[in-house]
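In: heads up, no residue letters with this:
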C-alpha cells in the first residue's frame, strides 16, 4: 500500500513525489502490488527503551493522543517495503535548502527477482534487486541527486541503535531477506514546496 500525507510542505513535498514515483515504477519492475509492497514516506527517529528506532506518525482525532507505529517488515505477507530517513542537518544555499535522505528498502529477493532477472537464479540476487532501484534513483527527479548506497544491516540502520543492539533486531539481512539504503541529496525551495498544512497519513 502507498501511504501518503493529505498535503505536504518543505522537504515532505519532494519526498512524497519521489515516494510515488518509486512505488509506481517498482510495481512495474517487480511482481508486487498494493498488498505486497509497502511504500512509506518520511519516518521519525524516536528513542525507545532500547535506543532509537524508525517510527511512523499515526494520526488521531483525540486530543493529547500522539501515537507512533514502529516500522515493521512482515516477511510472511510482504515482498518489499521502502521508507525515507531524513538527516537532521539542513543546509541553506541561497533560496534553496539541501538535506540528505536515505531511502531504506527491505525486500524478499526470492519474490521480486522473477521479472527483471531469471526466475531460476542460482545466486542470492541482491545486486539485481539493488540495481533496479539504483537506476530509478539515478534518474534525476524532484530535485534529487543520487550519492551512493549502503548494504549490511548495521550500515543501513546505523542511526537506529535500537534495532542494531543484540536485543533490538527486528529486521534481518539474510537470504531471502535483503535490506539496503540509497543515499540521496534532496534540493528544494521551501517557499515553492508549500502545498498545505496537514501532515496526517491517509493510511497506516
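Out: Structure received. Please read all numbers here as calculations on a predicted model, not as lab measurements. Residues are numbered from 1 along each chain as shown.

In: What lies in contact with stretch 71-85?
Out: 15, 19, 22-23, 26, 30-32, 35-43, 45, 53-56, 101-108, 111-112, 159, 170-171, 177, 181 (CB atoms under 8 Å, 6 or more residues apart in numbering). Every C-beta, even on glycine, is put in place using the N, C-alpha and C of the backbone.

In: now do stretch 142-151
Out: 14, 17-18, 21, 100, 102, 126, 130, 134, 137-138, 140, 156, 173, 179-188.

In: Just give the nearest non-adjacent residue to residue 92, would you?
Out: residue 98 (7.9 Å; CB to CB, 6 or more residues apart in numbering).

In: dump the residue contacts of that neighbour.
Out: By CB under 8 Å, 6+ apart, residue 98 lies in contact with 90, 91, 92, 185, 186, 187.

In: Please convert the buried members of the residues you listed into PyMOL selection syntax.
Out: Per 16 or more other CB atoms under 10 Å, the buried members of the contacts of residue 98 correspond to this PyMOL selection:
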select buried, resi 186
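
In: which one of the contacts of residue 98 sits closest to residue 3?
Out: residue 186 (18.8 Å; CB to CB).

In: Count the neighbours of residue 104 for me.
Out: 22 (other CB atoms under 10 Å).

In: Residue 88 too?
Out: 8.

In: buried stuff in the helix or strand in which it is found?
Out: Element membership for residue 88 (DSSP states H and E) is strand 80-93. Neighbour counts over strand 80-93 (16+ other CB under 10 Å) mark 80, 81, 82, 83, 84, 85, 86, 87 as buried.

In: The longest helix along the chain versus strand 80-93: what angle between them?
Out: The helix that spans the most residues within the chain, counting by DSSP state H, is helix 12-29. Put simply, helix 12-29 runs at 150 degrees to strand 80-93, going by axes from the mean of the first three to the mean of the last three CA atoms, to 10 degrees.
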